[in-house]
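J.: Can you look at this prediction? I've put the sequence above it.
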Amino acid sequence: MLTLTLPDGATRQVEEGTLPRDVVGSIGQRLLRDALAVEIDGQVQDLITPLRKGGSFKVLTSRDPDALDVLRHSGAHILATAVRRLRPDAKIGFGPSIEDGFYYDFEVEEPFTPEDLEKFESEMRKVIAEKYPFVRAEVSQSEARQKFADDPLKLERLSEFREDEIISTYTDGPFIDLCRGPHIPDTSYLKHFKLLHTAGAYWRGDEKRQMLQRIYATAFFNKEDLEAHLHRLEEAKRRDHRVLGHQLDLYSTDQRVGPGLILWHPRGAIIRNEIENYERDLILRHGYELVYTPHIVSEKLFQISGHLENFKENMFGAMDVEGASYRPKPMNCPGHICIFQGHSRSYRDLPIRYAEFGTVYRYERSGVLHGMLRVRGFTQDDAHVFCTPEQVPSEIERLLDLVDEMLKTFGYPYTIELSTMPEKALGSVEQWNQAQDLLSDVMRKRGQEFTIDEGGGAFYGPKLDFKLIDAIGRKWQGPTVQLDFNLPERFDIEYTGADNAPHRPVMLHRVLVGSMERFVGGLIEHYAGAFPVWLAPEQVRVIPIADDFAAAARSVADRLKAIGARVHVDDRSETLNYRIREAETLKVPYMAIVGKREAESDAVALRIRGAGKKQDVMPVADFIETVKTQLTTRALTL
RNA sequence: GCUCGUGUAGCUCAGUUGGCAGAGCACACCCUUGGUAAGGGUGAGGUCACCGGUUCGAUCCCGGUCGCGAGCUCCA
């Protein structure tokens, strides 16, 4: 007998092998109608998998987030059912639910076309209308091999089952799949879904294996959620930094320059420069010193640092300089270490914090390049802290403060991940554990929440990754802080302690924005191109209504320039409507319009970005104050 | 790098079942001097990504190269 504890505390005794469906039915018929799956002891299973253990027992309905995974996974089966009907030659791979939906992988001779997707979608509606129950069966290895005799990918998976593992299959009408489940009761439960796109995907994610055709789709329990999701996809498209970057004339790439290399146009360069100026002030306040190191350095340096050993596939090739090999630097750390070693150091000097906007070059495979977000040349706001082991916790604390201050300025909420020892790593397991404990201790003491990314560390040390959350809820790679017990060893750097003996300093690597390119690309999407005043390439556009007021407009502009604002006067011989439209399209925060009334009273008719027709007539002096406040506070809203 | 798709004016895109290349915007000039999201006219602008093949003839068909896009893999 198994004991099930219901959410209200009541218990039920049932025999092992009882179907959850029967338990739910005995609780209530209404509940059975709504039930999609059950959760036993925290594990989700469907209504037709026999109970093998007792514990807490919860019925999942469409209100439970976990039930959405069940729905989507079943959606994948229904997709495969439809595909198999129309393309009997398709060999089935895997079809899991994923963060925003589900996919199914197929091996086919002829790849799928967008028209195929439409046909599959309408075929899915037929499968749904036919209301096939999902039927579970537990089978032996040899039975399974028979059922999937024509599906080599499934046979491969079957060969990996252990003797004692249960092999289960699920059938919905004509389609059978090797699957652990759980599933919804029948195909009619899937109502609101959409096939999105196809893409190639390696079998089992291995680039040495064959390429399958993947169909991506999404599904929700109700129409509103589906529509909201599709709307979010549209919204992401609308914010695409590649489109906005071009429209707003921020940056470009050029075939003649090469892929993955960014040309910053004047308007984009302003944004970057503002960020750099802000950050320079910030870090000088936080005790950093600025340094510069060369873009190409002798390969010998990367032999010492271990980059040639561990990072070679991401480094550009060597160039010959009078018989010696030089390489573009993929990271700034070795150079900073050389500066540290330029003097003998005392414990009294530490911590030493070197910062550089250092441009690095990394070879990235052509298929991964993406606008400003994934490039081959980028500038890191890089810094390295050299300190004693005892100083590490306080340095981490300082960094947490610094990061917090910076991310607030840009209006990003964030989460923190602690990434631990990867497979390919320098240094001992003990060193790694020590470092990881140290990082987590500091955060626990602060009450700072974080999650663990197992095996996600850099090859030279564990790291803290800050994940930014943008205006539409997407996560971005933000600041990282990495502990490094390895480079100090390799470079044999030391300082003299109070005991007059040499000691090994600890090294911290950290970036705040990470890559200027990626960060600005992300900001474009975060703000949807409508930058806060302090970052806006053009902050005020002054528009005289007619030529007669051009002089008055220029006077307004001059006074704004005097407080450091970026202002243009648009006195072109175009209609007022035309000029307003252009400024609005360029997302200029303020339009200051000057006509007869304003010129006579030294005022402007202010049109604020996003506020439409609404205008505010105010004295020029007041407007200047408004802009000044925006600039000094780095305000996020107008 | 791999699978699929794609490349026509500065930009966004039509088009040619193989026969002198099209629009809108932007740009130049002229008219218009305007009160809150595109006033009107005229004009200039293209080796139809590049290389090769098929053909009397290729922007179009075929092959290759390069770029771009959706993904896979990888990452700041």
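T.: Done, it's in.
J.: residue contacts, residue A:453?
T.: Residue A:453 is in contact with A:417, A:418, A:419, A:420, A:465, counting by Cβ atoms under 8 Å, 6 or more residues apart in numbering. For the C-beta atoms, the positions are set from N, CA and C on the backbone; glycine is no exception.
J.: Please repeat the previous calculation with a cut-off of 6 Å.
T.: A:417, A:419 (Cβ atoms under 6 Å, 6 or more residues apart in numbering).
J.: Quick check: it vs residue A:403, distance?
T.: 17 Å (Cβ to Cβ, to the nearest Å).
J.: same check, this time on residue A:316
T.: Residue A:316 is 30 Å from residue A:403, by Cβ to Cβ.
J.: higher neighbour count, those two?
T.: Using other Cβ atoms under 10 Å, the more surrounded residue of residue A:316 and residue A:403 is residue A:403, with 20 against 15.
J.: Give the helix, strand or coil label for the nearest residue in space to that one that is not next to it in sequence.
T.: Among residues not flanking residue A:403 along the chain, residue A:479 sits closest, at 4.8 Å (Cβ to Cβ, 6 or more residues apart in numbering). Classification of residue A:479 by DSSP: H, G, I helix; E, B strand; the rest coil places it in strand.
J.: Contact partners for residue A:479?
T.: Contacts of residue A:479 (Cβ under 6 Å, 6+ apart): A:403, A:466, A:512.
J.: any idea of the pLDDT on the residue in chain A positioned nearest to RNA strand B?
T.: Taking Cβ to the nearest atom of the strand, RNA strand B has its nearest neighbour within chain A at residue A:367, 1.9 Å off. If you check residue A:367, the pLDDT there is 90.
J.: Wait, a helix at it?
T.: Yes - applying three-state DSSP, one finds residue A:367 inside a helix.
J.: residues contacting it?
T.: Residue A:367 neighbours (Cβ under 6 Å, 6+ apart): none.
J.: For residue A:207, see how far away it is.
T.: Distance from residue A:367 to residue A:207, by Cβ to Cβ: 11 Å.
J.: same question, residue A:605
T.: Distance of residue A:605 to residue A:207, computed by Cβ to Cβ: 60 Å.
J.: do residue A:126 as well
T.: 36 Å.
J.: And residue A:445, by the same measure?
T.: 43 Å.
J.: Mind checking which of those two has more residues around it?
T.: Between residue A:445 and residue A:207, residue A:445 has the larger neighbour count (other Cβ under 10 Å), namely 10 against 7.
J.: Output the contacting helices and strands for the helix or strand containing the more buried one.
T.: Using DSSP states H and E, residue A:445 falls within helix A:429-446. Judged by 3 or more Cβ pairs under 6 Å, 6 or more residues apart in numbering; DSSP states H and E, helix A:429-446 is in contact with helix A:392-410.
J.: Report pLDDT for residue A:355.
T.: At residue A:355, pLDDT is 97.
J.: Wasn't it part of a strand?
T.: Yes - under three-state DSSP, residue A:355 sits within a strand.
J.: and the spatially closest residue to residue A:309 that is not a sequence neighbour, what element?
T.: Nearest residue to residue A:309, sequence neighbours excluded (Cβ to Cβ, 6+ apart): residue A:303, at 7.9 Å. Per DSSP H and E: residue A:303 is located in helix A:299-305.
J.: Next, the buried residues of that helix.
T.: A:299, A:301, A:302, A:305 (16 or more other Cβ atoms under 10 Å).
J.: Stretch A:525-540 too?
T.: A:525-540.
J.: Please apply the same query to stretch A:177-192.
T.: For stretch A:177-192, using 16+ other Cβ under 10 Å, the buried residues are A:177-179, A:181-187, A:189-190, A:192.
J.: and for the helix holding residue A:445, what are the contacting residues?
T.: Under Cβ under 6 Å, 6+ apart, the answer for helix A:429-446 is A:392, A:393, A:396, A:418, A:420, A:421, A:450, A:462, A:483, A:485.
J.: Kindly recompute the last result at 8 Å.
T.: A:392-393, A:396-397, A:400, A:416, A:418, A:420-421, A:425, A:449-450, A:457, A:461-462, A:464, A:483, A:485-486.
J.: and stretch A:150-170, how far apart are its ends?
T.: Distance across stretch A:150-170, first residue to last, is 17 Å (Cα to Cα, to the nearest Å).
J.: swap in stretch A:587-605?
T.: End-to-end distance for stretch A:587-605, by Cα to Cα: 17 Å.
J.: right, is that stretch up against RNA strand B?
T.: Yes - Stretch A:587-605 is in contact with RNA strand B by Cβ under 7 Å from any atom of the strand, via A:591, A:593, A:595, A:596, A:597, A:598, A:605.
J.: Which among these count as buried?
T.: Counted by 16+ other Cβ under 10 Å, these give A:591, A:593, A:595, A:598, A:605 as buried.
J.: Near RNA strand B, which residues of the stretch 51-200 of chain A? Just list them.
T.: A:111, A:197, A:198, A:199, A:200.
J.: Can you tell me which of these has the most neighbours?
T.: Within these, most neighbours by other Cβ under 10 Å means residue A:198, with 19 neighbours.
J.: A helix includes that one, no?
T.: No - with three-state DSSP as the criterion, residue A:198 is strand rather than part of a helix.
J.: Just give the closest residue to it, not the sequence neighbours.
T.: residue A:112 (4.8 Å).
J.: tell me, how many neighbours does the one you found end up with?
T.: Neighbour tally, residue A:112, other Cβ under 10 Å: 21.
J.: Likewise for residue A:412?
T.: 19.
J.: residues in contact with it?
T.: Residue A:412 neighbours (Cβ under 8 Å, 6+ apart): A:468, A:469, A:470, A:476, A:478, A:526.
J.: next one: residue A:624
T.: A:559, A:560, A:563 are the contacts of residue A:624 under Cβ under 8 Å, 6+ apart.
J.: Now it: phi and psi?
T.: phi -60, psi -40 (degrees, to the nearest 10).
J.: While we're on it, how confident is the model there?
T.: Predicted confidence (pLDDT) for residue A:624: 97.
J.: Tell me which residue is most central in chain A.
T.: residue A:476 (3.3 Å; Cα atoms, centre = their mean).
J.: So that one: helix, strand or coil?
T.: Residue A:476 - assigned by three-state DSSP - is strand.
J.: measure it to residue A:245 for me?
T.: 16 Å.
J.: Quick one: residues contacting residue A:243.
T.: Residue A:243 neighbours (Cβ under 8 Å, 6+ apart): residue A:237.
J.: List the buried residues for the host helix or strand of it?
T.: In the assignment (DSSP H and E), residue A:243 maps to helix A:241-247. If you call a residue buried by 16+ other Cβ under 10 Å, then helix A:241-247 has these buried ones: A:241, A:242, A:244, A:245.
J.: Within reach of RNA strand B, which of those are there?
T.: residue A:242.
J.: and residue A:216, how many neighbours does it have?
T.: Neighbour number of residue A:216 under other Cβ under 10 Å is 18.
J.: does it sit in a helix or strand, and which one?
T.: Per DSSP H and E: strand A:211-220 holds residue A:216.
J.: In this structure residue A:378 contacts residue A:519, no?
T.: No - using Cβ atoms under 8 Å, residue A:378 is not in contact with residue A:519; the gap is 9.5 Å.
J.: and the two? which has more neighbours close in?
T.: Shown here are residue A:378 and residue A:519; by other Cβ under 10 Å, residue A:519 has more neighbours (29 against 22).
J.: so what does the helix or strand encompassing residue A:12 touch, helix or strand wise?
T.: Remark: residue A:12 resides in strand A:11-14, with elements defined by DSSP H and E. Here strand A:11-14 touches strand A:2-5, helix A:20-27, going by 3 or more Cβ pairs under 8 Å, 6 or more residues apart in numbering; DSSP states H and E.
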